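1. Fold the stuff below for me.
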Amino acid sequence: MAPSVAEVEKPTQATPIEAAKAAGKYLLPPDPSYKYAKYVPYGEEVTETQPPLEYFDHVDPGSRADPAKPNLLTPDAKLHHLSPYIGTEVSGIQLSKLSKEGLDELALFVAERKLVIFREQDLKDISPDEQVAFTKHFGVPHVHPLPMNVKDYPSLFATYRDDRGQGIANTLTQDRINYLGWHSDISFEKQPAGTTFFYILDGPEVGGDTLYLSTVEAYNRLSPEFKKLLIGLKAVHSSAPFDRVSYAQGSKLRRERVETEHPVVRVHPVTGEKSLYVNSSFTTHIVGFKKEESDALLKFLYDHIAKGADYQVRASYRPGTVAIWDNRVTAHSIVPDFNNKFRRHHIRLTPQVEKPIPATEP
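-> This next block holds a predicted model:
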């Protein structure tokens, strides 16, 4: 049996991770009595803009998985499906103890179910080095352009809100009536996110949930003729929203603004499913369309995605929860509906994967 995550040797850091380490400060001074104070977001001082991220080869671990998933779905595993299209809650499995074969099967299972929620996990209590090693099984650990991470670990992206600061989601939605912001993580990168992990450190008893939806089912609902219209189209995704966040927190971005063209309809490399790959947070326009044409098409797609309540689920968090989703076939939005007197603190492990594969037929 392959070693557990806890037995993996300290990984060799990738160049972008080393480049991101620098002197800086905590975005909010951590309370020394808080158990996870070391995970409060730390903003490295960016003295020199880093170069754009380079392309890399990627083989999805799900492609190696046994479809029966004997190393993941053991007799101890208990499954509760949240909806036919997306979401499964799992108990009886400890993620940090999975073998390499089990992690491969996890990647496949998440691709199939889109979102999988594990309870009573110890991922938050293994070392940051082990968490980086865990992430590397699924892709290249992403270093976000916004310096908002665990100190000395640029690829451990930290989200944090309490009564001293409003948090990233509120910064992006503070001038809107509706606080929802559907998106796929880092869709602006040349090689965006795949199997993504999000674990809770602290949060309110009620509120602070996340909404998830299947962009595969959103695509499947379209008429055959409309699907034909979308095949071959590309859209530009931009990291521009983080200009606003960096200004609000008084920091400088690690890299210049990223703008990347991706197919409007992409194909999952393992399941072969087609999904809509546009989102209202990062997608700016359709390539080759005039502004009015692009705005009209994107508005329809955004509305279609957001109104699909029958292919959405709502995930809540309690101590030990780890939510895992495949960013290639989902969109999600935080629900910032809780009083600021409560702390909400999570860590996201975000592996980058393949360059999006365009669909060539409906």
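2. OK, contacts around the closest residue to Pro362 other than its chain neighbours?
-> Sequence neighbours aside, Lys227 is the residue nearest to Pro362 in space, at 3.7 Å (criterion: C-beta to C-beta, 6 or more residues apart in numbering). For the C-beta atoms, the positions are set from N, CA and C on the backbone; glycine is no exception. Applying C-beta atoms under 8 Å, 6 or more residues apart in numbering, we find Lys227 in contact with 219, 265, 362.
3. going on from the helix or strand harbouring Lys227, what's the next piece of helix or strand?
-> Using DSSP states H and E, Lys227 sits within helix 224-230. Next helix or strand after helix 224-230 toward the C-terminus (DSSP H and E): strand 234-238.
4. Summarise which helices and strands that following strand is packed against.
-> strand 259-263, strand 283-286 (3 or more C-beta pairs under 8 Å, 6 or more residues apart in numbering; DSSP states H and E).
5. Turn those strands into CSV, including mean pLDDT.
-> Listed next are these as CSV, based on pLDDT from 0 to 100:
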stretch, mean pLDDT
strand 259-263, 98
strand 283-286, 98
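6. List just the one of those that sits closest to Leu233.
-> Closest to Leu233 of the helices and strands packed on strand 234-238 is strand 283-286 (C-beta to C-beta; 5.9 Å).
7. That closest one pairs with which strands?
-> Applying DSSP bridges, strand 283-286 is found paired with strand 234-238 (antiparallel).
8. Report the distance from the partner strand to the chain centre.
-> 18 Å (C-alpha atoms, centre = their mean, to the nearest Å).
9. Show the average pLDDT along the following helix or strand past it.
-> Proceeding N to C from strand 234-238, the next assigned helix or strand is helix 241-248, under DSSP H and E. Mean pLDDT, computed over helix 241-248, is 84.
10. in helix 241-248, what's buried?
-> 241-242, 245-246 (16 or more other C-beta atoms under 10 Å).
11. Who are the packing partners of it?
-> helix 167-173.
12. Where does the prediction get shaky in the stretch 151-300 of the chain?
-> Scanning the stretch 151-300 of the chain for pLDDT under 70 picks out the ranges 165-174.
13. so where's the stretch 1-150 of the chain shaky on pLDDT?
-> For the stretch 1-150 of the chain, the ranges with pLDDT under 70 are 1-23.
14. rerun that using 90 as the cut-off
-> Low-confidence segments of the stretch 1-150 of the chain (pLDDT under 90): 1-31, 43-48.
15. just the helices in it please.
-> Taking DSSP state H, counting those that start in this stretch, the helices of the stretch 1-150 of the chain run over residues 15-20, 100-113, 128-136.
16. can you state the direction angle for the second one and helix 128-136?
-> In this structure, helix 100-113 runs at an angle of 60 degrees to helix 128-136, with axes from the mean of the first three to the mean of the last three C-alpha atoms, to 10 degrees as the basis.
17. Report the distance from helix 100-113 to the chain centre.
-> Centroid separation for helix 100-113 versus its chain: 16 Å, with C-alpha atoms, centre = their mean.
18. go on, the last one?
-> Its chain's average C-alpha position is 16 Å from that of helix 128-136, according to C-alpha atoms, centre = their mean.
19. list the buried ones in that helix?
-> For helix 128-136, using 16+ other C-beta under 10 Å, the buried residues are 128, 130-136.
20. what about the longest helix in this structure?
-> helix 291-306 (DSSP state H).
21. which helices and strands does it pack with?
-> helix 215-220, strand 283-286.
22. continuing past it, what's the next helix or strand?
-> Helix 291-306 is succeeded, C-terminally, by strand 312-315 (DSSP H and E).
23. so how far is that following strand from its chain's centroid?
-> The answer for strand 312-315 is 15 Å, by C-alpha atoms, centre = their mean.
24. now it: mean pLDDT?
-> 98.
25. mind listing what the helix or strand immediately after it in the chain pairs with, with the direction of each?
-> With elements assigned by DSSP H and E, the helix or strand that comes after strand 312-315 is strand 322-326. Sheet partners assigned to strand 322-326 using DSSP bridges are listed as strand 115-118 (antiparallel), strand 195-202 (antiparallel).
26. Mind listing residues that contact strand 322-326?
-> Contacts of strand 322-326 (C-beta under 8 Å, 6+ apart): 95, 106, 110-111, 114-118, 121, 123, 194-199, 210, 212, 268, 315, 317, 332.
27. Let me have the helices and strands packed on strand 234-238 in CSV, extended by distance to Arg343.
-> Formatted as CSV, the helices and strands packed on strand 234-238 follow (distance: least, C-beta to C-beta, whole Å):
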stretch, distance to Arg343
strand 259-263, 34
strand 283-286, 32
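28. could you dump the ones you listed to CSV with distance to Asp76 and mean neighbour count?
-> Shown next, in CSV, are the helices and strands packed on strand 234-238 (distance: least, C-beta to C-beta, whole Å; neighbours: other C-beta atoms under 10 Å):
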stretch, distance to Asp76, mean neighbour count
strand 259-263, 39, 18
strand 283-286, 42, 19
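29. do you know which of those lies nearest Glu54?
-> Across those, closest to Glu54 is strand 259-263 (C-beta to C-beta), at 13.1 Å.
30. so how far is the closest one off the chain centroid?
-> Offset of strand 259-263 from its chain centre (C-alpha atoms, centre = their mean): 17 Å.
31. strands paired with the very next helix or strand once past that strand, and their directions?
-> Using DSSP H and E, the helix or strand that follows strand 259-263 in sequence is strand 265-267. Sheet pairing of strand 265-267 (DSSP bridges) gives strand 274-276 (antiparallel), strand 357-358 (antiparallel).
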